[in-house]
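# Let me see the structure of the following:
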Amino acid sequence: MNKEPNQITNEPQAPEKKPSYTWLKGIIALVLLLVVGYFGFTCEVREGTSAVILRFGAPRAEITEAGLYFKLPWPFETVTTYDSRLQYLESNSLETTTKDNRNIILQSYALWSVKDPLLFHNSIGSREKVESYINDQIFNATNSVLGSYNLSALVSLVSEEIRYDEIQNKIYTMVKDNCEKSYGITVDNISILRISLPDNNLESVFAQMRADRQKDIDSIIAQAQRDADIITSDTDAYYAEIISKAEIEAAEIYARTEAEVAKIYAEAQSANLELYQFLKELDTIVSSVSNNTVLVVTSDTYPFNVLLEYGSSLSGEDNQTVVSDLEYILTRLPENDRKALIDAIYELLREQGGTR
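Next up is the predicted model:
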């Protein structure tokens, strides 16, 4: 008998097959195993850091280079990392005493880094404590160094007395050696940040500064006075030399002039004795009067009578010669006075002897 197409039968059907995920579970298990192995059996040290591997709390190894390193998982081994980059530290203010018993307050700064992580871990152990250790080293070195220097080595108006760099270098050397030896820390620089004075020392320091400044002023004034005295002495000597040379030259000129005058007088005397006597007497007349002199005398009174006596002994041509000689001799008079005197003499001669 044929079955109808849509007829439902009660025959049992085979179950559907489900997909298998075994491979996926294996991958997940492998990834988990790698993650646990990575974080449990390795440690990463990054650039700028160092580390110490501890086994049950005791240091097993130190790491100073960046990279991936093997270790046992916790609780067997742990890793402590430290920042190895350069650090900046400002010390606390320190009041100390100098060699000359002056109290000062100093504050310094330091640049440091972890060099030996194992020694650092064993001696200090934490970043929070390192500043107090470095501060103690700076205080001890500062007290030790400044105890052998006077205050003027830090504060002075005389530049030759200042030992600022020398003091800083000594403090730096002491702190650097102690920190490397005791704490595994490298100190790259220590410098004095500021210097101040306690209130009770300010006045004494200011007084010392004023005394130093006054000493400099006195020295400058003394040097200036010595220079001024040297300049004055040189000037006086040069002035005296010039005056001496001028006087010698003037004396020589005067002597030569007197010699020329004597020669002229001698030549005049040898040529005409009567004319020479007349001119000498005429010089006496000229030298006895000035521009403001008014004389009221008779023509026969000495020395004016020489004009009449000399004129009466000369002819007309001789009179003209006398007038010419007078014009030459009287050139030393002012123009107006010379012309007036020559005219008067000429008129006097004309009345006495006449002219042709």
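
# worst-scoring helix or strand of this structure, pLDDT-wise?
The helix or strand of the chain with the poorest confidence is helix 316-329; it has a mean of 54 (mean pLDDT, DSSP states H and E).

# Run through this structure and note the low-pLDDT ranges.
Along the chain, segments meeting pLDDT under 70 span 1-21, 33, 36-40, 200-205, 265, 267-276, 278-279, 282, 285-342, 345-356.

# which residues in it form helices?
Along the chain, the segments classed as helices by DSSP state H run 22-41, 117-123, 127-146, 164-183, 199-271, 273-287, 305-312, 316-329, 335-353.

# Give me the contacts around the fourth one.
When contacts are defined by CB atoms under 8 Å, 6 or more residues apart in numbering, helix 164-183 is touched by residues 108, 110, 112, 115-116, 119-120, 123-124, 130, 133-134, 137-138, 140-142, 144-146, 149, 153-154, 185-187, 189-192. In this view, the C-beta of every residue, glycine as well, is placed from N, C-alpha and C.

# change it to 7 Å
By CB atoms under 7 Å, 6 or more residues apart in numbering, the list of residues contacting helix 164-183 from outside reads 115, 119-120, 123-124, 133-134, 137-138, 141-142, 144-146, 149, 153-154, 185-187, 189-192.

# Could you chop the protein up by domain?
When the chain is parsed with automatic domain parsing, its domains come out as 23-82, 87-197, 201-270, 272-353.

# Could you identify which of those domains is most buried?
The highest mean neighbour count among the domains of the chain, using mean count of other CB atoms under 10 Å, belongs to domain 87-197: a mean of 16.

# end-to-end on it?
29 Å (CA to CA, to the nearest Å).

# now swap in stretch 52-64 and tell me
Stretch 52-64: ends 9 Å apart by CA to CA.

# for stretch 79-90, same thing?
End-to-end for stretch 79-90, by CA to CA: 30 Å.

# Need the contact partners of it.
Under CB under 7 Å, 6+ apart, the answer for stretch 79-90 is 43, 45, 48-54, 71, 107, 109-114, 117, 120-121, 127, 131, 134, 188, 193.

# right, and residue 120 touches residue 186 too?
No: the criterion here is CB atoms under 7 Å, and residue 120 misses it with residue 186 at 10.3 Å.

# What separation is there between residue 156 and residue 213?
Per CB to CB, to the nearest Å, residue 156 is found 11 Å from residue 213.

# typed the wrong thing, it's residue 261
70 Å.

# One more: residue 256?
For residue 256 relative to residue 213 (CB to CB), the value is 64 Å.

# Same question for residue 150.
18 Å.

# With residue 105 instead?
24 Å.

# And residue 32, by the same measure?
82 Å.

# for residue 34, same thing?
From residue 34 to residue 213 the distance is 79 Å (CB to CB).

# Now do the contacts for residue 154.
164, 167, 195.

# give me that answer again for 10 Å
Listed by CB atoms under 10 Å, 6 or more residues apart in numbering, the contact set of residue 154 reads 98, 102, 104, 106, 146, 161, 162, 163, 164, 167, 192, 195.

# now, which of the residues you listed sits nearest residue 277?
Closest to residue 277 out of the contacts of residue 154 is residue 161 (91.9 Å), distances taken as CB to CB.

# looking at it, that closest one is touching residue 150, isn't it?
Yes: contact status for residue 161 versus residue 150: in contact at 8.1 Å, counting by CB atoms under 10 Å.

# Name the nearest residue to residue 93, sequence neighbours excluded.
Once flanking residues are discounted, residue 93 sits nearest to residue 107: 5.0 Å by CB to CB, 6 or more residues apart in numbering.

# these two touch, right, that neighbour and residue 192?
Yes: Residue 107 is within contact range of residue 192, at 7.6 Å (criterion: CB under 10 Å).

# Now for the two: what residues contact both?
91, 142.

# how far away is residue 173 from residue 179?
From residue 173 to residue 179 the distance is 11 Å (CB to CB).

# State the phi and psi torsions of residue 91.
Taking degrees, to the nearest 10, you get phi -70, psi 160 for the backbone angles of residue 91.

# tell me the contacts of it?
So residue 91 contacts 106-110, 131, 134-139, 142, 190, 192-193 (CB under 10 Å, 6+ apart).

# and which of those residues is nearest to residue 28?
For these, the nearest to residue 28 is residue 131 (48.5 Å; CB to CB).
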